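1. prediction below, plus the sequence it came from.
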Amino acid sequence: MKTGQTRPRTARVWTITAVAIIVIFWGVHLMTRGSLPIRVAAASTGDLKSTVPTNGKVEPQVNFEAHAPFAGIIQSLNAHEGEKVPTGKLLLSMDDTEARARVATAESQLKGAQAAYQASQRGGTQEERISLKGEVDKAQIDRDQAQRDLEALEKLQASGAASASEINAAQTRVAADTSVLQVLQQRQTERYGTADLAHAQATLHDAEAACAAAEDALHHAVVHAPFAGTVYSLPVSRTEYVNQGDRLLSMADLTKLQVRAFFDEPEIGKLSLGQLVTIVWDARPDEQWNGHISRLPSTIITYGTRNVGEVLVGIDNADGALLPDTNVRVTVTVANESNVLKVPRDALHFEQGSTFVYRKEGNSLHRVRVTIGVRNLSEVQVVSGLKAGDVVALGTTNAQPLTDGVPVKVVQ
């Protein structure tokens, strides 16, 4: 009997113990849930700027490069790298002895081609035309004489003084002389056909082009400054031999520069003409240049491992310190709003196309849907859903997720 009473009593003890353990764990859970540690920030009003950074390369708006018009030797250098030169200043010259000889040869060939073309148009040279006219005149005389002889024989035949064979012989002579005369007259008017004229004209055009090319090469053997600017590259030296096409010098007006900036494809939609740009060169990190977008990309290109659009940025305050071909950092201001409501970007949450924050109300969080506007890397504009002073959760300090209605406590 005592044994049977002991067993139910033991079972009740174990049951009470299990319930107590559950209650303790639940209490701990409630205590933990009620003190979820969070970081917070208050919605505030102020200015909000959104920027897009990238890299770019400086280039002149107006650039001049001189290239060797032929293979030869640099005869004189009249400028040095970094020198500011006025319009028209002699910069360098090449030995043009062979170039002058090529011009003389080309001019001689041009005159020959001109004479040949004129001859083809007029039916030959003057000497040929005079000689041919003499032949035509003689053939005319011979034919006329043969015709008169034939007529005389025909009269004699009527009186029986000339035989039929004599008449036939005279007729044959007239026909032969007439044929010779016709051939010579045709040579006078149709000596050159359409194909001959076309060939002569083509030869003339080739000679004109060759002469122009020789004269142009001679002209470019002497280099003058086409405008006032700075010689920023001079890769040759006096008496140096250069090949045709080698770059001799580069100059530009360094107060009129632009940057060719490379923006990643997803950022291009944020760009527009006239947007403010800041430019920084690592060689002079304490200086900053300003500019504006002057041309948007017309296509997407591959730049290393990136798909980018090329954007031209006019530099407003180019002072000659920036150099062409230098690599710079470019930052474009794509939005600049004043007196807007904003919160830290960490407060934003996204779910199924909606944007929301967790607003702290008393000691708990409440999910609030918001509409956002301009954003940058650290802050975002709140168009609707919050008011100035509202406190929003940025996250927990113990890696627990934020949920609607959870009790919280603020920690620093």
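-> Done, it's in.

2. how many other residues sit next to G405?
-> 10 (other C-beta atoms under 10 Å). C-betas here are computed from N, CA, C, even on glycine.

3. cool, E98 as well?
-> By other C-beta under 10 Å, the residues close to E98 number 15.

4. for it, which three-state class applies?
-> Following DSSP: H, G, I helix; E, B strand; the rest coil, we place E98 in the helix state.

5. likewise the one 4 residues further on?
-> Three-state secondary structure (criterion: three-state DSSP) places R102 in helix.

6. mind checking pLDDT for it?
-> Note on R102: pLDDT of 93.

7. for the residue nearest the centre of the chain, give me its contacts.
-> Nearest to the mean C-alpha position of the chain, by C-alpha atoms, centre = their mean, lies E310 at 8.2 Å. Contact partners of E310, counting by C-beta atoms under 8 Å, 6 or more residues apart in numbering, are 260-262, 297, 301.

8. contacting residues around G373?
-> Contacts for G373 (C-beta under 8 Å, 6+ apart) come out as 337, 340, 380-383.

9. at 7 Å instead, please
-> 381, 383 (C-beta atoms under 7 Å, 6 or more residues apart in numbering).

10. save the contacts of E310 as JSON lines, and put in neighbour count too.
-> Shown next, in JSON lines, are the contacts of E310 (neighbours: other C-beta atoms under 10 Å):
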{"residue": "R260", "neighbour count": "14"}
{"residue": "A261", "neighbour count": "28"}
{"residue": "F262", "neighbour count": "20"}
{"residue": "P297", "neighbour count": "17"}
{"residue": "I301", "neighbour count": "12"}
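
11. does the residue nearest to the centre of the chain lie in a helix or a strand, and which?
-> Following DSSP states H and E, one finds E310 within strand 306-315.

12. strand partners (parallel or antiparallel) of that strand?
-> Next to strand 306-315 in the sheet, as set by DSSP bridges, lie strand 257-264 (antiparallel), strand 289-295 (antiparallel), strand 301-303 (antiparallel).

13. give me the residues contacting the shortest one.
-> Under the criterion C-beta under 7 Å, 6+ apart, residues 262, 308, 310 lie in contact with strand 301-303.

14. now flag whichever of those residues is closest to A214.
-> E310 (38.6 Å; C-beta to C-beta).

15. do you know the pLDDT at that closest one?
-> Looking at E310, its pLDDT reads 97.

16. again, but for the one 5 residues further on
-> What the model reports as pLDDT for I315 is 95.

17. same thing with Q114?
-> Q114 is given a pLDDT of 88.

18. ok, now which ones touch it?
-> Contacts for Q114 were tallied using C-beta under 7 Å, 6+ apart; they are L204.

19. remind me which helix or strand it belongs to.
-> helix 97-122.

20. so how far is the helix or strand following that helix from its chain's centroid?
-> Going down the chain from helix 97-122, the next helix or strand is helix 126-158, by DSSP H and E. For helix 126-158, the separation from the chain centroid amounts to 76 Å (computed by C-alpha atoms, centre = their mean, to the nearest Å).

21. contacts only, for G314.
-> By C-beta under 7 Å, 6+ apart, G314 lies in contact with 258, 291-292, 294.

22. also S250?
-> Counting by C-beta under 7 Å, 6+ apart, the residues that S250 touches are 63, 65, 232-233.

23. tally of neighbours for the nearest residue to it once chain neighbours are set aside?
-> Leaving aside its sequence neighbours, S250 sits nearest to S233 (C-beta to C-beta, 6 or more residues apart in numbering; 4.0 Å). Using other C-beta under 10 Å, S233 is surrounded by 17 other residues.

24. thinking again about what came up before, from the contacts of strand 301-303, which is closest to L365?
-> Nearest to L365 among those, with distances taken as C-beta to C-beta, is V308, at 42.1 Å.

25. if we can go back for a sec, okay, the residue nearest to the centre of the chain and A139: tell me how far apart.
-> Remark: distance between E310 and A139 (C-beta to C-beta, to the nearest Å) = 77 Å.
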